[in-house]
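Asker: Got a predicted structure here, sequence first:
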Amino acid sequence: MKILVIGGAGYIGSHVAREFLDRGYQVTVFDNLSTGREENLFADAAFVRGDIHDGKQLAEVMNRGFDGCVHLAALKAAGDSMLNPESYSVNNICGTISVINQAVASAVRCLLFSSSAAIFGNPAYLPIDEAHPKEPENYYGFTKLEIERILDWYDRLKGLRFAAVRYFNAAGFDVKGRIKGLERKPENLLPIIMEAALGIRKELSVFGDDYPTRDGTCIRDYVHVNDLATAHVAAFEYVMNNDRSLSVNLGSEVGVTVLEMIEAARRITGRPIPARIAPRRAGDPPCLYATSSKARELLGWVPEHSSLDTLIDSTWRVYTEAFDATGGW
């Protein structure tokens, strides 16, 4: 089968593309390389440099006869979305609608949509399941939820089957060491810890140590990016085999505190990793973690690489290699 991975040169997209390739699919990556990296491209996948906002480019590539399309091209910084909603409207809503419309026009059978735990907002209960109320606390989460709603309508009206895969916190790097391109301007905790370990950052900030958790810092659910990649393939195959759309949470079901992540990183890297306690950030709930029982039941999905040590070790190997290759940063 033929798969188009939009955003396939990015951090998650490259791992998804690699997993489809490993399973014997014919893969084409479509990416404008604004945040994706050329070193994340593979010789056994076709590559088209293009932009989803260019209707002619999008039509030209999608008309090549794909069975499925994975859409991972979106802005994703929750804080930035509150300051620049215009950009998120254009990229995450308008851009994705263009992809959806072209998928219908090109007779793509299944669209895999990169969604987010941000659609749920502050948890009403834990662990978060698919039935949890959907009340986003930031504009980024709103854009993801709106696209899920649009996809549901297109399923009913146009027969476009989809899988909305909702990530919690993606982390780690390919356990086989095949993907080495670092994210540009990372905002997630583990890459920031890596930069502090290497001295690229003087220190990192821990936003609040007085939450009602076991050590006072926030608890989050981290899933290894290889595990997310296998879930994409499983979700695509479920939709194709059952002719039925799917929305599913992807979490490790294990919450990790900020301090636990830092202490584990100090142990694995052997670096001091300076950290200071800073005031809480507005809108940060104390705990966020998911149940993946639906993914287990329908997809047979079990996160195999999402232990804390594997998350940190696979990331540290890529960061140290990049650091050594440049003789610094």
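Answerer: It's in.

Asker: give me every residue that touches Ser245.
Answerer: Contact partners of Ser245, counting by CB atoms under 8 Å, 6 or more residues apart in numbering, are 151-152, 155, 161-163, 239. No exception for glycine: its C-beta is placed from N, CA and C like everyone else's.

Asker: Which ones among those map onto helices?
Answerer: Secondary structure assignment by DSSP state H places 151-152, 155, 239 of these in helices.

Asker: how about these in TSV, adding distance to Leu204?
Answerer: Listed next are the ones in helices among the contacts of Ser245 as TSV, based on distance: CB to CB, whole Å:
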residue	distance to Leu204
Leu151	37
Asp152	39
Asp155	42
Val239	40
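
Asker: Would you mind giving me the PyMOL syntax to select the buried ones in those?
Answerer: Those of those that meet the burial criterion (16 or more other CB atoms under 10 Å) are gathered into one PyMOL selection, given here:
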select buried, resi 151+239
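
Asker: burial count for Asp313?
Answerer: Look at Asp313: counted by other CB atoms under 10 Å, it has 17 neighbours.

Asker: In a strand, Val16, correct?
Answerer: No. If the criterion is DSSP: H, G, I helix; E, B strand; the rest coil, then Val16 is helix and not within a strand.

Asker: how many neighbours does it have?
Answerer: When neighbours are counted by other CB under 10 Å, Val16 registers 30.

Asker: Quick one: residues contacting it.
Answerer: Applying CB under 8 Å, 6+ apart, one finds that Val16 lies in contact with 5, 8, 70, 72, 228-229, 232.

Asker: And the helices in the stretch 51-200 of the chain?
Answerer: Counting by DSSP state H, counting those that start in this stretch, residue ranges of the helices within the stretch 51-200 of the chain are 55-62, 78-83, 85-88, 95-105, 139-158, 189-197.

Asker: worst average pLDDT in the ones you listed?
Answerer: Ranked by mean pLDDT, the helices of the stretch 51-200 of the chain bottom out at helix 78-83, which scores a mean of 89.

Asker: quick one: which two of the ones in helices among the contacts of Ser245 are the most distant?
Answerer: The widest separation within the ones in helices among the contacts of Ser245, taken as CB to CB, falls between Asp152 and Val239 and amounts to 13.6 Å.

Asker: His15: what's it in contact with?
Answerer: Listed by CB under 8 Å, 6+ apart, the contact partners of His15 are 174, 179, 225-226, 228-229.

Asker: Would you mind measuring from it to Lys176?
Answerer: As for His15, its distance to Lys176 is 11 Å (criterion: CB to CB, to the nearest Å).

Asker: Let me know the secondary structure of Asp284.
Answerer: When the structure is reduced to helix, strand and coil (three-state DSSP), Asp284 reads as coil.
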